[in-house]
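Undergrad: Sharing a model prediction with you, sequence too.
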Amino acid sequence: MRFAPGVRRFAVPAFAAAAVLSLLASPFAIVALAVGGFVMWFFRDPERRPSGPGVVSPAEGHVSVVREEGDQLRVGVFMNVTDVHVNRAPFEGRVERVTHRPGKHLPAFSKESERNERVDVDVATEEGPAELSLIAGAFARRIHPYVERGDDLARAQRIGHIDFGSRADVLLPPPYDRGDLLVEEGDRVRAGESIVAAKER
C-alpha cells in the first residue's frame, strides 16, 4: 500500500509511544497503537484510474458545492476523515500559478469555509483557464501541494493532500455548462476515478 508524504511525522511518534507504554501501561499502549494504525489508514494512497473520458473528481467524498462563478462552474468535494485525502488533477494542463491563502479553519462542508486557509492552483488547459483549490477544514492544519508553476499535469495525477478533513474544488474551463455536469450535490465520488463533467457522452 502506498502512503501520502508526511505519514511518518504522525505515525512514528504514535508507534514509538506504543512501544514505550507496552512496558509501563499496556492499556495506553493499545490506544497509541490504534492511533498509529488510524494515521496509516488515513494517509493511504490507493491507485486510481479514470472511469471514462471527461473531468475527473479532484477528491474522494461527497459533492458539496455546485455553483456558477461568472462564466465558469465550480464543483466542490467534501472529504470526511474516513476518505482518502490525496487529491488528483481533474484534467491535463500546465500549472500557471500556485497561491497559498491564509485563513480560518471552519468546517469544510459549510458556506463559511470560503474564508478558510487554501491553496489555489491556476491551470491552463486546451479548453481555457481552470483552477483547483485545496481547502483546509476544521481539523486540517496543513495543505501539501505536490505541484508548482510550470509543471505539466496529467489527468488523475496526484497533486497534493490535506491533513485531516478538508475540501477540494475544481473551477471548470469556460466551455463547460450545467448540461455537461454528471454529478449533483450529495453524490459520492472518488478522486481520479469518478467523472464529474464531460463534453461528449
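TA: In hand now; what should we look at?
Undergrad: Wait, residue 66 touches residue 186, no?
TA: No - between residue 66 and residue 186 there is no contact under Cβ atoms under 8 Å: 9.8 Å. Backbone N, C-alpha and C define where each C-beta goes, glycine included.
Undergrad: Which stretches in the protein count as strands?
TA: Under the criterion DSSP state E, strands of the chain are mapped to 55-56, 61-69, 72-79, 86-88, 93-101, 118-125, 128-136, 143-145, 152-153, 158-162, 166-171, 188-189, 195-197.
Undergrad: quick one, domains of this protein?
TA: When the chain is parsed with automatic domain parsing, its domains come out as 7-42, 55-197.
Undergrad: Mean pLDDT lowest where, among those?
TA: Set side by side, these give their lowest mean pLDDT on domain 7-42, at a mean of 62.
Undergrad: Format the strands of the chain as TSV; extra columns: mean neighbour count and distance to residue 177.
TA: TSV is the format used below for those (neighbours: other Cβ atoms under 10 Å; distance: least, Cβ to Cβ, whole Å):
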stretch	mean neighbour count	distance to residue 177
strand 55-56	28	13
strand 61-69	16	9
strand 72-79	24	7
strand 86-88	29	23
strand 93-101	16	19
strand 118-125	20	16
strand 128-136	22	13
strand 143-145	19	29
strand 152-153	16	23
strand 158-162	25	25
strand 166-171	27	13
strand 188-189	17	19
strand 195-197	22	9
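Undergrad: Quick one: residues contacting residue 182.
TA: 54, 195, 196, 197, 198 (Cβ atoms under 8 Å, 6 or more residues apart in numbering).
Undergrad: so which pair among those residues is furthest apart in space?
TA: The span of those, defined through Cβ to Cβ, is set by 196 and 198 at 8.4 Å.
Undergrad: Determine the residues that are contacts of both of the two.
TA: Residues touching both residue 196 and residue 198 (Cβ under 8 Å, 6+ apart) are 54, 55, 182.
Undergrad: So which of the residues you listed is the closest to residue 70?
TA: For the shared contacts of residue 196 and residue 198, the residue nearest residue 70 by Cβ to Cβ is residue 55; the value is 17.9 Å.
Undergrad: Please look at the closest one and residue 198 and confirm they touch.
TA: Yes - contact criterion Cβ under 8 Å: residue 55 and residue 198 qualify, at 6.9 Å.
Undergrad: which residues are in contact with both of the two?
TA: Where contact means Cβ under 8 Å, 6+ apart, no residue is in contact with each of residue 55 and residue 198.
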